[in-house]
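J.: I would like to see how this sequence folds:
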Amino acid sequence: MRYLLLTACVLSCLHATAQQDSYPSLQLPDSLTADAHALVRLDEMQVTLHAIDEMAVSAKRVVTVLDPQGNDHLQAYLRYSPAIRIKKLGAVVYDAQGREVQAFKERQFTDVSAVSGGTLYSDARVKYVPYTPGQYPYTFEFSYEFETPNTGVLPSWHFLDNYNIPTERSSFEIRFASPELRPECVEYNLEGISVDKLVTDHSIRYTALQVPAIKAESLSPSFRSVVPRVHTRMVNFQYEGYEARIQDWATMGRWINQNLLEGQDALPESTISRVRSLVAGVEDPLEKARLVYEYVQTNTRYISVQVGIGGLKPISAIEVDKVKYGDCKGLSNYTMALLQAVGVTAYYVHVQAGRDKVDFIDGFPDLAQGNHVILAVSDGERLHWIDCTSRTAPFGFLGDFTDDRRVLIMKPEGGVLARTPAYKDDANRQETRARYALDILGGIAGEVQITTSGIQYDNHYGLESQSADDHSRHYKRYWPEINNLKLRSLHFSNNREAVRFTEEIHLEAQGYASTTGELMLFAPNAFNRWNSVPKRYRERQLPLQISRGFLDEDQFVIGLPEGYRVESLPEVRDLETDFGIYHMGLEYDADTHSLTYKRRLLLKENLFPANRYEDYRQFRKMVAASDNALVVLVKS
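T.: Residues are numbered from 1 along each chain as shown. Down below sits the predicted model:
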């Protein structure tokens, strides 16, 4: 009897455990699932630092996917390389009732290169689950364990995946065998959630329960700036056989110079002679640098190459010179070597590239920061920045991929944090000049000239390398208010030295103006309307982020059709706010029977508290109303 009771108890416990781990999804609380496409049920990771050259990582992630848009949040993949030994890898799928419907062992995962098809060679790979759901909701459990001798890049932790994705349980723990292996942690945005932090002599653990989603709102800051997260770093570490003790960014820069860059700048004598001939007679270091930069743009191509010291060490300048390709590290190192050969000083720079401006953390040096390499060229007084992966960007122009952010410069004496150039407000200029005529049927014909600089240049200059079909599609999207648009001719001028791009367009379109009885109505602003108005929120939660300022200046001369006179013109509009300045006005010239339309819009980059969002929205509404205001003509 005692045996039977014990057996029954064990079976009951096993059944309860199985039920607990099966994750039914039919009765999830509305407080977690409202407006969500997926729900993270469990996200846990344990990092164990056994020694300076021995780290083990185990993780388990359970996601309930509520609809097809939630599939992107599975994250059921594991990147690996020769330095990462996978010890365990598996996945389980549960239906809405929490019943297991499919399990995947490691041999059933798809194993592919971790880089794009354009890569010539790589030792970085990824294993992922090739799962196609048959119904919703479903729950996906993914777990793995791996070991690596590289302790220089510790995992950091986000308690939420993205906007509108809540988390039921999130746990992150780092264990370390000795005080020398204790990592440093910096916390962000934890004040908004309930986090249990436990610190002992040999571990640091964070646990959070029922973390509510951050609702996405128009014109919000980047998710990274608002998400609760913990960033970690090792002071003492080993990376691909090189040991380090990093106290500050200066020592980090020295370590990179000594272990990643030293010896990689040698060039063949024939190449040195060629590049010296290229700059023969040129004294100005910036002109030398420009010639070398254009030489690299013409004679090499960018391609992802992630072989070497964990993807951090550039391939040698000799190798790039031989094969004529390289990744950002290889091309930057190669260009730096060429510049050195002609007596121009340039520095290797790590940057976190992307549309979001992400700064290196002051006082918190680690290898995980930065995903791209550029160069800083010195003229003896100031730095000029170049991205050696671009075959089209002008010398000294970065664009919105790497501008206005704190970066790490590798100088001979060590690492130095600096800021890349910022393209602010009126530096991002677009000037539109047009002259068009309106015919008695409402059609228009004329010419338009658009000149851009700053980030607006970055958005336009790619047109010169596109096809005629691409041009047609572009201008139809750019001027959606002009139906039946026909491009008669196009001419582009790219002043790379001044960083200014000019488009000259001859066009025509039928039915631009509408006629009703004796009246003809049309919007004089045919070529640069700011129509969109941000979404309205009853209770805005997040700050308002105007991430890019700009200046648009427009002047259009409009020939009016014979037999019509002006009945009414839109009122002059002048707005001056914290967000920007707007002017719009029209003048009629009886001698030429034409209108001159003038418009100026300056938008200011800034971060505003949530309670200013509605003020900004009203500013946008007034601009949109004025941009769409109509001229009324009547038959004479």
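
J.: What are the buried residues along the lengthiest strand in the chain?
T.: Looking across the chain with DSSP state E, the single longest strand is strand 38-51. Neighbour-count burial for strand 38-51 flags 38, 39, 40, 41, 42, 43, 44, 45, 46, 47, 48, 49 (criterion: 16 or more other C-beta atoms under 10 Å). (Glycine included, C-beta is placed from N, CA and C.)

J.: Now tabulate those residues in JSON lines and tack on pLDDT and distance to residue 444.
T.: Listed next are the buried residues of strand 38-51 as JSON lines, based on pLDDT from 0 to 100; distance: C-beta to C-beta, whole Å:
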{"residue": "38", "pLDDT": "95", "distance to residue 444": "48"}
{"residue": "39", "pLDDT": "96", "distance to residue 444": "53"}
{"residue": "40", "pLDDT": "97", "distance to residue 444": "54"}
{"residue": "41", "pLDDT": "96", "distance to residue 444": "58"}
{"residue": "42", "pLDDT": "97", "distance to residue 444": "61"}
{"residue": "43", "pLDDT": "98", "distance to residue 444": "57"}
{"residue": "44", "pLDDT": "98", "distance to residue 444": "63"}
{"residue": "45", "pLDDT": "98", "distance to residue 444": "61"}
{"residue": "46", "pLDDT": "98", "distance to residue 444": "67"}
{"residue": "47", "pLDDT": "98", "distance to residue 444": "65"}
{"residue": "48", "pLDDT": "98", "distance to residue 444": "70"}
{"residue": "49", "pLDDT": "98", "distance to residue 444": "69"}
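
J.: Adjacent strands (with direction) for the helix or strand containing residue 376?
T.: According to DSSP states H and E, residue 376 maps onto strand 372-378. Partners of strand 372-378 in the sheet, by DSSP bridges, are strand 346-351 (antiparallel), strand 383-386 (antiparallel).

J.: Out of those, which is the most enclosed?
T.: Neighbour counts (mean count of other C-beta atoms under 10 Å) averaged over each of these peak at strand 346-351, with a mean of 24.

J.: so where do the strands sit in the stretch 351-500 of the chain?
T.: 372-378, 383-386, 406-411, 414-419, 429-438, 444-453, 485-495, 500-509 (DSSP state E, counting those that start in this stretch).

J.: Could you look over the ones you listed and pick the most buried one?
T.: Of these, the one with the most neighbours on average (mean count of other C-beta under 10 Å) is strand 372-378, at a mean of 23.

J.: and this protein, what are its domains?
T.: If you go by automatic domain parsing, the domain ranges for the chain are 21-216, 246-419, 425-635.

J.: between these, which one is nearest to residue 227?
T.: Nearest to residue 227, of all those, is domain 21-216, at 5.3 Å by C-beta to C-beta.

J.: For the strand holding residue 376, which outside residues touch it?
T.: 285-286, 289, 314, 328-329, 332-333, 335-336, 339, 344-353, 383-388, 398, 401-402, 407, 409, 418, 420 (C-beta atoms under 8 Å, 6 or more residues apart in numbering).

J.: Just the CA coordinates for stretch 271-287, please, in PDB.
T.: Extracted C-alpha coordinates of stretch 271-287, given in PDB (Å, rounded to 0.1, in the frame of the first residue of the first chain):
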ATOM      1  CA  THR A 271      50.800  49.600 -54.300                       C
ATOM      2  CA  ILE A 272      52.700  52.200 -52.200                       C
ATOM      3  CA  SER A 273      54.400  53.500 -55.400                       C
ATOM      4  CA  ARG A 274      51.000  53.600 -57.200                       C
ATOM      5  CA  VAL A 275      49.200  55.600 -54.500                       C
ATOM      6  CA  ARG A 276      52.200  58.000 -54.000                       C
ATOM      7  CA  SER A 277      52.100  58.700 -57.800                       C
ATOM      8  CA  LEU A 278      48.400  59.400 -57.400                       C
ATOM      9  CA  VAL A 279      49.000  62.200 -55.000                       C
ATOM     10  CA  ALA A 280      52.300  63.500 -56.500                       C
ATOM     11  CA  GLY A 281      52.500  67.300 -56.300                       C
ATOM     12  CA  VAL A 282      49.600  67.500 -53.800                       C
ATOM     13  CA  GLU A 283      50.500  69.200 -50.500                       C
ATOM     14  CA  ASP A 284      47.100  69.500 -48.800                       C
ATOM     15  CA  PRO A 285      46.500  66.400 -46.600                       C
ATOM     16  CA  LEU A 286      42.800  66.600 -47.100                       C
ATOM     17  CA  GLU A 287      43.100  66.600 -50.900                       C
END
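
J.: buried ones in that stretch?
T.: Neighbour count says stretch 271-287 has 271, 272, 274, 275, 279, 285, 286 buried, by 16+ other C-beta under 10 Å.

J.: Dihedrals phi and psi, the first one?
T.: Geometry field for residue 271 lists phi and psi as phi -70, psi -40, criterion degrees, to the nearest 10.

J.: Does it touch residue 324 like I think?
T.: No - look at residue 271 against residue 324 with C-beta atoms under 8 Å: they stay out of range, at 11.3 Å.

J.: Quick one: the helices in the stretch 201-350 of the chain, in order.
T.: 223-226, 249-256, 269-278, 285-299, 317-323, 328-341 (DSSP state H, counting those that start in this stretch).

J.: on that earlier part again, now tabulate the strands of the stretch 351-500 of the chain in a markdown table and tack on mean pLDDT.
T.: Output for the strands of the stretch 351-500 of the chain, formatted as a markdown table (pLDDT from 0 to 100):
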| stretch | mean pLDDT |
| --- | --- |
| strand 372-378 | 96 |
| strand 383-386 | 97 |
| strand 406-411 | 98 |
| strand 414-419 | 98 |
| strand 429-438 | 98 |
| strand 444-453 | 98 |
| strand 485-495 | 97 |
| strand 500-509 | 98 |
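
J.: okay if I get the ones you listed as JSON lines plus distance to residue 460?
T.: Listed next are the strands of the stretch 351-500 of the chain as JSON lines, based on distance: least, C-beta to C-beta, whole Å:
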{"stretch": "strand 372-378", "distance to residue 460": "22"}
{"stretch": "strand 383-386", "distance to residue 460": "20"}
{"stretch": "strand 406-411", "distance to residue 460": "26"}
{"stretch": "strand 414-419", "distance to residue 460": "26"}
{"stretch": "strand 429-438", "distance to residue 460": "8"}
{"stretch": "strand 444-453", "distance to residue 460": "5"}
{"stretch": "strand 485-495", "distance to residue 460": "9"}
{"stretch": "strand 500-509", "distance to residue 460": "5"}
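
J.: Quick one, which of these gets closest to residue 566.
T.: Of all the strands of the stretch 351-500 of the chain, strand 429-438 sits nearest to residue 566, with 11.8 Å by C-beta to C-beta.

J.: Send me the closest one as CSV with only the CA atoms.
T.: Extracted as CSV, the C-alpha positions of strand 429-438 are listed here (Å, rounded to 0.1, in the frame of the first residue of the first chain):
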residue,chain,number,x,y,z
ARG,A,429,18.2,71.7,-46.6
GLN,A,430,16.0,71.2,-49.6
GLU,A,431,15.3,74.0,-52.1
THR,A,432,12.5,73.5,-54.6
ARG,A,433,12.1,75.9,-57.5
ALA,A,434,9.3,75.4,-60.1
ARG,A,435,7.7,77.1,-63.0
TYR,A,436,4.5,75.5,-64.3
ALA,A,437,1.5,76.5,-66.3
LEU,A,438,-2.1,75.5,-65.8
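
J.: quick one: least confident helix or strand in the chain?
T.: helix 2-20 (a mean of 40; mean pLDDT, DSSP states H and E).

J.: Which residues in the helix or strand following that helix does the neighbour count mark as buried?
T.: Using DSSP H and E, the helix or strand that follows helix 2-20 in sequence is helix 30-33. Within helix 30-33, the residues scored as buried using 16+ other C-beta under 10 Å are 32, 33.

J.: Send me helix 30-33 as PDB with only the CA atoms.
T.: Output of helix 30-33 as PDB, limited to C-alpha atoms (Å, rounded to 0.1, in the frame of the first residue of the first chain):
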ATOM      1  CA  ASP A  30      -6.400  40.800 -21.300                       C
ATOM      2  CA  SER A  31      -4.000  42.900 -19.300                       C
ATOM      3  CA  LEU A  32      -1.100  41.100 -21.000                       C
ATOM      4  CA  THR A  33      -2.600  40.400 -24.400                       C
END
